[in-house]
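Visitor: Could you look at this predicted model? Sequence included:
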Amino acid sequence: MIFKVQEIADFINGKIEGDSQVLINSVGKIEDCKSGDICFLANEKYIKYTYTTKASAIIVGTSFKLDISKIITPVLIRVADPYSSFSKLLEIYNKKRYDKTGISKHSDISENCKIGENCFIGSFTKIEDNVIIGENVKIHSNCYIGENVIIEKNSIIFSNVSIYHDTKIGAHNIIHSGSILGSDGFGFAANNNKFNKIMQIGNVVTKNNVEIGANTCIDRATMGSTKICAGVKLDNLIQVAHNVEIGENTVIASQTAIAGSTKIGKNCMIGGQVAIAGHLVIADKVKIAGQSGVASSITKIGSVVQGPLAFDIKRFQRSYILFKKLPELFKAVESNKNIK
């Protein structure tokens, strides 16, 4: 992909200082760019690199002042907010990279599927009966799409994703490699020291603008739906159990596990390696620190919690200071006993 500096400046509403016809073919970090790259400067700590970088263009702020005693070779594009503008540039760069169309002759698609315009379906992908795929959807190689699945427009399904039957994927979703949506929930009934499987006949529903990281598993509901609401972002290696609901714009970091039927509110932030028990309610705007365990509902909006059995983070941190001093405190208590 090759762009002229003028094209980039037009896209991010920037003002050019230098040759507008310079060609850009990649993006990079200011300290280790090569010719043909574009980078950005948003932190004063990196100003020194503007005079040594091999980048062909740099996005800088409108207030950036050149040191006239030094030579600068890249073209400058001045914008109000370099970080935001570079983010927009990365978005279009990424979109161009994955903007493929066409259906591989090595894919296997049932005849009664509906596939929208400008879609891409990669080699060795299997699509079962009654699947509906919206316009501009990209499904990469080696994916499995089960019966009655719906994938709405502009979603990207990367390689080696399995989407079980009846799953509904919203618009503008991104599902990364190795993820599994719609596998059976962990439901068994004890019977004479044996466990009989409870059939899982529900489904998984994701709303618009959801992103699901690599190797994340979302189980289908026993009945009804496991729901991932609009704007949710899930990291890699997350387990979402049957009938869980995750509210809008909640973000969850890697290796978190959420047990069945728990309801998580909107705009929550959950750190890595968090374990959340089943049948709980987590209020809106709650923050849960990494490696915490949540064994009871959190009903106060905006709570911030931490700990193996998580509670208020400030109280936990004060308690932890005492915990670290337990050996000394124990010795003091024992010493006092001996004196008496």
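Guide: Arrived safely. Numbers count the residues shown, from 1 in each chain.

Visitor: Could you list the low-confidence segments of the stretch 1-150 of the chain?
Guide: Per-residue confidence of the stretch 1-150 of the chain (counting by pLDDT under 70) places no residue in a weak region.

Visitor: for it, what spans make up the helices?
Guide: 5-12, 82-97 (DSSP state H, counting those that start in this stretch).

Visitor: and the first one, what does it pack onto?
Guide: The criterion is 3 or more CB pairs under 8 Å, 6 or more residues apart in numbering; DSSP states H and E, and the helices and strands that helix 5-12 contacts are strand 15-17, strand 23-24, strand 57-61, strand 75-79, helix 82-97. Where you see a C-beta, it was placed from the backbone N, CA and C, and this is true even at glycine.

Visitor: Residues contacting that helix, please?
Guide: The contact list for helix 5-12 (CB atoms under 8 Å, 6 or more residues apart in numbering) reads 14-16, 18-24, 38, 56-57, 59, 75, 77, 79, 85, 88-89, 92.

Visitor: Just the buried ones from the residues you listed?
Guide: Burial by neighbour count, judged by 16 or more other CB atoms under 10 Å, picks out 14, 16, 18, 20, 22, 24, 38, 56-57, 59, 75, 77, 79, 85, 89, 92 from the contacts of helix 5-12.

Visitor: Show me which pair in the residues you listed is furthest apart.
Guide: Spanning the widest gap among the buried ones among the contacts of helix 5-12 are 18 and 92, at 21.1 Å by CB to CB.

Visitor: which non-adjacent residue is nearest residue 186?
Guide: By the measure of CB to CB, 6 or more residues apart in numbering, the closest residue to residue 186 outside its immediate chain neighbours is residue 241, 6.4 Å from it.

Visitor: And residue 96, by the same measure?
Guide: Distances taken as CB to CB, 6+ apart place residue 1 nearest to residue 96, at 5.0 Å, with adjacent residues excluded.

Visitor: contacting residues around the one you found?
Guide: Contact partners of residue 1, counting by CB under 8 Å, 6+ apart, are 25, 93, 96, 97.

Visitor: Give the buried subset of those residues as a PyMOL selection command.
Guide: Buried members of these, identified by 16+ other CB under 10 Å, are gathered into one PyMOL selection as follows:
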select buried, resi 93
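
Visitor: which of the contacts of residue 1 lies closest to residue 174?
Guide: For the contacts of residue 1, the minimum distance to residue 174 (CB to CB) is 13.1 Å, reached by residue 97.

Visitor: how near is the nearest residue to that closest one once chain neighbours are set aside to residue 159?
Guide: Nearest residue to residue 97 in three dimensions, chain neighbours excluded: residue 1, at 7.0 Å (CB to CB, 6+ apart). Here the distance between residue 1 and residue 159 works out to 21 Å (CB to CB, to the nearest Å).

Visitor: Repeat that for residue 221.
Guide: Distance check for residue 221 against residue 159: by CB to CB, it reads 27 Å.

Visitor: quick one, which of those two is more surrounded?
Guide: For residue 221 versus residue 159, neighbours defined as other CB atoms under 10 Å are more numerous around residue 221 (24 against 16).

Visitor: If I look at that one, what pLDDT would I see?
Guide: According to the model's per-residue confidence, residue 221 sits at a pLDDT of 98.

Visitor: next one: residue 338
Guide: The predicted structure lists residue 338 with a pLDDT of 57.

Visitor: got the domain boundaries for the chain?
Guide: Domain assignment for the chain by automatic domain parsing gives 3-97, 102-316.
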